[in-house]
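1. model the structure of this input:
(3 chains)
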Amino acid sequence: MEYLLLQVLNGVQLGLLMFLLAAGLTLTLGIMDLVNLAHGSLYMMGAYIAWTLIGVTDSFVLGALLALPATFLLGVIVEAVVIRRLYARDHLTQVLATFGLILFFNELVRALWGPGGKSIAVPGFLNRTIEILPGVPYPAYRFAIIVVGAVVAILLAWLVARTRLGMLIRAGASNRRMIGALGVNIELLFTLVFGLGAVFAGLAGLMAAPIASVRIGMGDDILILALVIIVIGGIGSIKGAFIAAMIVGQIDIVGRAFLPDLLKTFMSSSAASSAAPAISQVLVYVLMAAVLVWRPTGLFGQRT
Amino acid sequence: MMAALRTPRGIATALVLLVLAALPLLTQAFDQRYLLSIGTRIVIWSIAAVSLNMILGYGGMVSFGHAMFFGIGGYAVGILSAHGVSSGWIQWPIALLAATAWAALIGALSLRTRGLYFIMITLAFAQLVYYVGSGLEAYGGDDGLNISRSRFPGLIDLRDKASFYWLCLALLCASLWFCSRYANSRFGLVIRGAKSNELRMTALGFPVFRYRLAAFTIAGALGGLSGILLANEGAYVSPAMMSWMKSGDLIVIVVLGGMGTVFGPLYGTIAFFVLEESLPPILNLVHKGWGEYWMIVFGPLLVLIALYARGGIDSLLGRHHD
Amino acid sequence: MKNKLFGTATIAAVAALSLPAAAQSPIKIGFVSTFSGPQAAIGEDMRRSVELAKEHLGGKMGGKPFEIIYEDDQFKPDVGKARSEKLVQQDKVNFIAGYIWSNVLLASLKAVADEGDTIMISANAGPSQIAGELCNKNFFSTSWQNDQTPMAMGEYLNTKGVKSLYLVGPNYAAGKDMLAGVKRTYKGKIVSEDFTKWPDQLDFSAELTKIAAAKPDGIFIFYPGAHGVQFVKQWAQSGLNKTVPLYQVFSIDAITLPQQGDLAIGTLGAQEWVNDLPNEANKKYVEDFKKKHGVYPSYYGAQSYDAIMLMASAAEALKGDLSNKDKVRAEMKKANFKSVRGDFKFGNNNFPIENFYIQEAVKDPQGMMTVKTIATAVKNAVDPFAEKCPMK
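-> Model prediction:
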């Protein structure tokens, strides 16, 4: 039972981290109709910037807090130089141009920070295990990720549901022309939303850094997973992204933790242990394909 | 035909084809065998680009998984060869059939979606095939599989580089011819019409879905053919030949050459390979050691191409008259 | 505009054609590794060692100057094969060395060793196919066959009396080889065998939770590069470092240790070379490397250094005349040089017959993370595929 709880928590933690990354993606897609493959690069830049700032300030919390406005600034610059020119273009152009940005950022990081990865230590006060239930230890840092992720998710829900910015975001996701008619400064709104997405990506990157490592291309693999999540959830829907991230987090854990035993109940042990990893490797893709075949615009996407 | 030769496009195309046809002789005369290797890869990739162009360029179907057909064509040949079936007369039809059947199946599922959803679902199927390939332990898994080249006894020896090259070139010319017929046929007009206005085509009574599915299946078969050739070129197949990066490269090539044009994919492939081969040495000339950072130049170049050169290389050759 | 395009194409073609075709006087060596993208750190370490070898040789082999042409495989088999082909066909090199990855090596094998009849030295990758049925007279290894290192670890665990082991590795060819390797020799109980998604899984919480529940005597892992950094960190953060010791192959090395830091202290690994092996060649190599770059070399670097020294030994014996390939191969086979791993000889399949050592991650007196030898796991090990190789 404790084992089950721990595995569920692992899935929640993974899902929340993915949600942070997916939230920015789905916002830019929903409101600006922009496919931004370079979102993973912002995730990587967030981690590298945090590494530098943590080194300078000699404090994890201070460095991390300073890294957030820095990634916001980076997002704004990227938006002004490249992204802005892409809004009116089709998805293909956007995929191509932002793919170019990925290549650029990967090599830029190598030129600035060198080819070897960097390491961010878990801050001292979180470098231990806590007992989530009596006698059930869980790494404190991972628990902190869950807390931060949950807080951000709630903040975002509040932002979208209750604020003027959120109203514009919702309006933009369903009808782009309408917000223009409302007399809103669209350019500013787009820059702001893109910067916000960059902050979420940077936050995800720097929070993942102590358990993963800070390295070139760290955003590339995870980007695909984030895209899968927003497509399952339905483009533009924060709620969809959250639910999809949670589903993907749990499915991932189920595939890794329970599938081998599950398979052993109806096939030989050796067949099960070779089939399980193969199945868990493609599980999220199968899930996405199945969702799209069933609902071609995702779980919560706009019907056309 | 003669009139076409007087336009810049006609002259350029004739020149490129002429150089390609004479490449084995040229490389032999100048003792540059390596250029023939590059040439062979360019021709094979061009066939794949032609096939992607049929759906992406003409039909607006952005498949982000087209490299999976490299893998299906290649692995069909590889697996048969591993079991001792070395005759090309058996290998090639089976490989083509496999690619066609798979394309029809996933096309039927994917074409229900639009836009980014279509991009992602094609990627998902490609990843599926990729991981199945890397899970095939009996056939090398991730390490890939060294194979012997297909045999066509008495007809052609694929181990001979020049013969193999000419075979690939002949198949490329056939695909280009087929593509130009396709583009101007009634079938092609429906595909092109549905790209700009699907509703109108549906309103005119065309079953757009079925037309698209047919186009997707044909493109898959042609992609499978390029996979067969690629496997024979390297005498090696591995899952890496169908990684999503390769699918991305194919999209870049089609856009670079000029979407929805017959010869665009060929120009795009040539430009792509020339860039990849020459950018590092050129940067090294500027400053020693910079060559390894070529992607710092290549990345922004992609951005610029995407932003400002949507007609691709083909549009540099002047307007189309058709 | 079209002239512009054809202009560049012509320039490229002319530039390629005008290269001196048969300037065979200096000895030419091609070196294929990964120099761009996420894995470039390994390629850089190899290049530093190759350059150091060149320095130690005074830039000459058998009295002739030699040059090294580096080519970037971009971590892709097809690119690696194309670059290898270029080295053989255009640069007409005498030797090609390098190859971090099994799939790049396998893709290039035919073009270099068969069709190119060029001598090829793997300074890292050791897939079982090339040790066995695909063995080739033109192919030599200065590293190992994939199964050997984990087999050495298995032997050591037997002598140490580790009763049960939990195996974790990535779900790809080398990962499966490594786990199969340790199972070949380890006699204790295998609690479970988990394969994780590759390369996109960087979170090991589910596996670590399973391990904590299973309570084995030890964990055996194979996670090269960034994944090794991640696994070790997460293992330590989960608190398992206090209860279940970690045994590894290729997961903790000079490239990853700066990132793993203190968390890796005390973990044990198997390797055919360690930076403190007590022989003159090794002392000189490690000291000069550290002086020049301020860090320890890794086994990738040591194997690359040996690859150059192996070529040099053949060139010395033939006084720089490499025209007769049979003679070159015969000299290479003697392995008549001072390897940084100490003496070794080639088996029938041209893979080394060598010792494997157990190394522990420690801090050196200056506070830098490194590894030190604590035991010899096996002596003169022959890889298990040698008998499948038809060469004698």
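
2. with just CA atoms, put stretch C:110-126 into PDB.
-> Listed next in PDB are the C-alpha coordinates belonging to stretch C:110-126 (Å, rounded to 0.1, in the frame of the first residue of the first chain):
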ATOM      1  CA  LYS C 110      32.000  -2.200 -44.200                       C
ATOM      2  CA  ALA C 111      33.000   1.100 -45.900                       C
ATOM      3  CA  VAL C 112      36.300   1.300 -44.000                       C
ATOM      4  CA  ALA C 113      37.500  -2.200 -43.300                       C
ATOM      5  CA  ASP C 114      36.000  -4.100 -46.200                       C
ATOM      6  CA  GLU C 115      35.400  -1.900 -49.200                       C
ATOM      7  CA  GLY C 116      38.100   0.700 -48.100                       C
ATOM      8  CA  ASP C 117      40.700  -1.900 -47.000                       C
ATOM      9  CA  THR C 118      41.800   0.600 -44.400                       C
ATOM     10  CA  ILE C 119      42.900  -0.200 -40.900                       C
ATOM     11  CA  MET C 120      40.300   0.700 -38.300                       C
ATOM     12  CA  ILE C 121      40.900   1.100 -34.500                       C
ATOM     13  CA  SER C 122      38.000   1.400 -32.100                       C
ATOM     14  CA  ALA C 123      39.000   3.500 -29.200                       C
ATOM     15  CA  ASN C 124      35.700   2.700 -27.400                       C
ATOM     16  CA  ALA C 125      32.800   0.900 -29.000                       C
ATOM     17  CA  GLY C 126      32.900  -2.900 -28.700                       C
END
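
3. would you mark the buried spots in it?
-> Judged by neighbour count using 16 or more other C-beta atoms under 10 Å in any protein chain shown, the buried positions of stretch C:110-126 are C:110-113, C:116, C:118-126. In this view, the C-beta of every residue, glycine as well, is placed from N, C-alpha and C.

4. how many residues are close by residue A:52?
-> When neighbours are defined as other C-beta atoms under 10 Å in any protein chain shown, residue A:52 has 17 of them.

5. do residue A:77 as well
-> For residue A:77, the count of nearby residues is 13 (other C-beta under 10 Å).

6. could you measure from it over to chain B?
-> Counting by C-beta to the nearest C-beta, to the nearest Å, the gap from residue A:77 to chain B is 14 Å.

7. let me know the secondary structure of that residue.
-> helix (DSSP: H, G, I helix; E, B strand; the rest coil).

8. same question, residue C:372
-> Residue C:372 ends up strand, using three-state DSSP.

9. report the beta-bridge partner residues of it.
-> As for beta bridges, residue C:372 partners with residue C:360 under DSSP bridges.

10. tell me the contacts of it?
-> By C-beta atoms under 8 Å, 6 or more residues apart in numbering or on different chains, residue C:372 lies in contact with C:274, C:276, C:359-360, C:362.

11. want to try a markdown table for the residues you listed, with distance to residue C:163, neighbour count and pLDDT as columns?
-> Putting those into a markdown table (distance: C-beta to C-beta, whole Å; neighbours: other C-beta atoms under 10 Å in any protein chain shown; pLDDT from 0 to 100) gives the following:
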| residue | distance to residue C:163 | neighbour count | pLDDT |
| --- | --- | --- | --- |
| C:274 | 27 | 22 | 97 |
| C:276 | 30 | 15 | 95 |
| C:359 | 23 | 27 | 97 |
| C:360 | 21 | 18 | 97 |
| C:362 | 26 | 16 | 96 |
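
12. for the stretch 151-300 of chain B, what lies in contact range of chain A?
-> Counting by C-beta under 8 Å from any C-beta of the partner chain, the stretch 151-300 of chain B comes close to chain A at B:244, B:248, B:251-252, B:255, B:293, B:295-296, B:298-300.

13. any chance of TSV for those residues, columns secondary structure, distance to residue C:315 and neighbour count?
-> Conversion of those to TSV gives the following (DSSP: H, G, I helix; E, B strand; the rest coil; distance: C-beta to C-beta, whole Å; neighbours: other C-beta atoms under 10 Å in any protein chain shown):
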residue	secondary structure	distance to residue C:315	neighbour count
B:244	helix	44	17
B:248	helix	43	20
B:251	helix	47	24
B:252	helix	43	23
B:255	helix	49	25
B:293	helix	33	18
B:295	helix	36	24
B:296	helix	38	20
B:298	helix	38	19
B:299	helix	41	22
B:300	helix	44	16
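
14. what would the contacts of residue C:372 look like in TSV with distance to residue B:104?
-> Shown next, in TSV, are the contacts of residue C:372 (distance: C-beta to C-beta, whole Å):
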residue	distance to residue B:104
C:274	57
C:276	62
C:359	55
C:360	58
C:362	60
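
15. name the nearest of those relative to residue C:213.
-> residue C:360 (27.7 Å; C-beta to C-beta).

16. now for residue C:239, how many residues are close by?
-> By the criterion of other C-beta under 10 Å, residue C:239 has 16 neighbours.

17. next, count neighbours for the nearest residue to it once chain neighbours are set aside.
-> Spatially, and ignoring its direct neighbours in sequence, residue C:239 is nearest to residue A:129 (4.7 Å; C-beta to C-beta, 6 or more residues apart in numbering or on different chains). Residue A:129 is flanked by 17 other residues according to other C-beta under 10 Å.

18. how about residue C:160?
-> The burial count for residue C:160: 15, using other C-beta under 10 Å.

19. would you map out the domains in chain C?
-> C:22-144+C:279-346, C:148-271+C:356-381 (automatic domain parsing).

20. just to revisit the earlier point, JSON lines for the residues of the stretch 151-300 of chain B next to chain A, including distance to residue C:259 and pLDDT?
-> Formatted as JSON lines, those follow (distance: C-beta to C-beta, whole Å; pLDDT from 0 to 100):
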{"residue": "B:244", "distance to residue C:259": "27", "pLDDT": "86"}
{"residue": "B:248", "distance to residue C:259": "29", "pLDDT": "90"}
{"residue": "B:251", "distance to residue C:259": "35", "pLDDT": "94"}
{"residue": "B:252", "distance to residue C:259": "33", "pLDDT": "92"}
{"residue": "B:255", "distance to residue C:259": "38", "pLDDT": "92"}
{"residue": "B:293", "distance to residue C:259": "23", "pLDDT": "83"}
{"residue": "B:295", "distance to residue C:259": "23", "pLDDT": "84"}
{"residue": "B:296", "distance to residue C:259": "24", "pLDDT": "87"}
{"residue": "B:298", "distance to residue C:259": "28", "pLDDT": "89"}
{"residue": "B:299", "distance to residue C:259": "26", "pLDDT": "90"}
{"residue": "B:300", "distance to residue C:259": "30", "pLDDT": "92"}
